[in-house]
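Participant: Show me the folded form of this:
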Amino acid sequence: MKKRLALIGGGGFAKEIIEIALLNGFEIAGIFAEQNNLSAYPYLGYLDELLSKREMYDYVHIAFGGINHAGIANRIKIIDFLEEHDIPSATLVSPYARISVDVEIGEGSYVAHNALISCEAKIGAHVIINTASLIGHDAYIGKNTTVSPQVFIGGECIIGENSLIGVGTLIKQGLSVGENCIVGMGTIVQRSLQSNMMIVHNHPKPVALH
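Facilitator: Now for the predicted structure:
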């Protein structure tokens, strides 16, 4: 019997989640979202209905990324809600990703096609490792961090919780990025970043987030 998966989020990224969920043997039970753009699946409401329609699904998965401050904050809100009500989240890993056997991946995380996660890396809960990203050996990615497509994170790096690593970012081996950081697309990070900092490609000096 297939496991029933409900998605929280009904936008374009949810389509990628659905593809990998189906490859993992799930049945899509429906969509919980403020707005659903996926007409192929039942719209079930939003967070209040997650509780009242609990019998309709076995697991959930957050199907939108932390692509900006608002997205990160919304994901935090939902993660807190899921944990408060003991609602299980599915971990979804593409069969086309390459994951070393000693990698740890937390509950509710997502690993996309062609990602590579090397030896003894640790991926926290509700993390997104997007398409063709590479996570080096012994790296740590904190809870609810979004790693965008084609990112390189060197071995032994530490990335804090609730951060966003933009498309095509390169982070040098052994560096750390604190919690609640935003690294803009195409940035080459050559020194560690404290928490609550932002760095973008054309302004290499980090600035504090307010």
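
Participant: going forward, measure contacts between C-alpha atoms and count neighbours the same way
Facilitator: Fine.

Participant: mind checking the longest helix of this protein?
Facilitator: Identified as the longest helix of the chain according to DSSP state H is helix 69-84.

Participant: So which residues make contact with stretch 66-78?
Facilitator: For stretch 66-78, the surrounding residues in contact (C-alpha atoms under 8 Å, 6 or more residues apart in numbering) are 62, 64, 65, 144, 145, 146, 162, 163, 164.

Participant: In stretch 190-202, which residues are buried?
Facilitator: 192, 193, 194, 195, 196, 197, 198, 199, 200 (16 or more other C-alpha atoms under 10 Å).

Participant: okay, the residue nearest in space to the middle of the chain: pLDDT?
Facilitator: Centre of the chain computed as the mean C-alpha position; nearest residue by C-alpha atoms, centre = their mean is residue 128, 2.1 Å away. For residue 128, the model assigns a pLDDT of 98.

Participant: One more: residue 34?
Facilitator: Listed pLDDT for residue 34 reads 89.

Participant: And for residue 72, the neighbour number?
Facilitator: 20 (other C-alpha atoms under 10 Å).

Participant: Could you check the pLDDT of it?
Facilitator: 97.

Participant: again with residue 203
Facilitator: pLDDT, residue 203: 60.

Participant: Kindly report the same for residue 208.
Facilitator: Predicted confidence (pLDDT) for residue 208: 73.

Participant: wait, it sits on residue 197?
Facilitator: Yes: the pair residue 208 / residue 197 is scored as a contact, 4.5 Å apart, by C-alpha atoms under 8 Å.

Participant: so what sits against both of these two?
Facilitator: What both residue 208 and residue 197 touch, as defined by C-alpha under 8 Å, 6+ apart, is an empty set.

Participant: how close does residue 36 get to residue 206?
Facilitator: Separation of residue 36 from residue 206 (C-alpha to C-alpha, to the nearest Å) stands at 37 Å.

Participant: For residue 172, the count of nearby residues, please.
Facilitator: Using other C-alpha under 10 Å, residue 172 has 18 other residues around it.

Participant: for it, what are its contacts?
Facilitator: With C-alpha under 8 Å, 6+ apart, residue 172 has these contacts: 153, 154, 157, 188, 189, 190, 191.

Participant: Ignoring the adjacent residues along the chain, who's closest to the last one?
Facilitator: Put plainly, it is residue 191. Closest residue to residue 191 apart from its sequence neighbours, by C-alpha to C-alpha, 6 or more residues apart in numbering: residue 175 at 6.3 Å.
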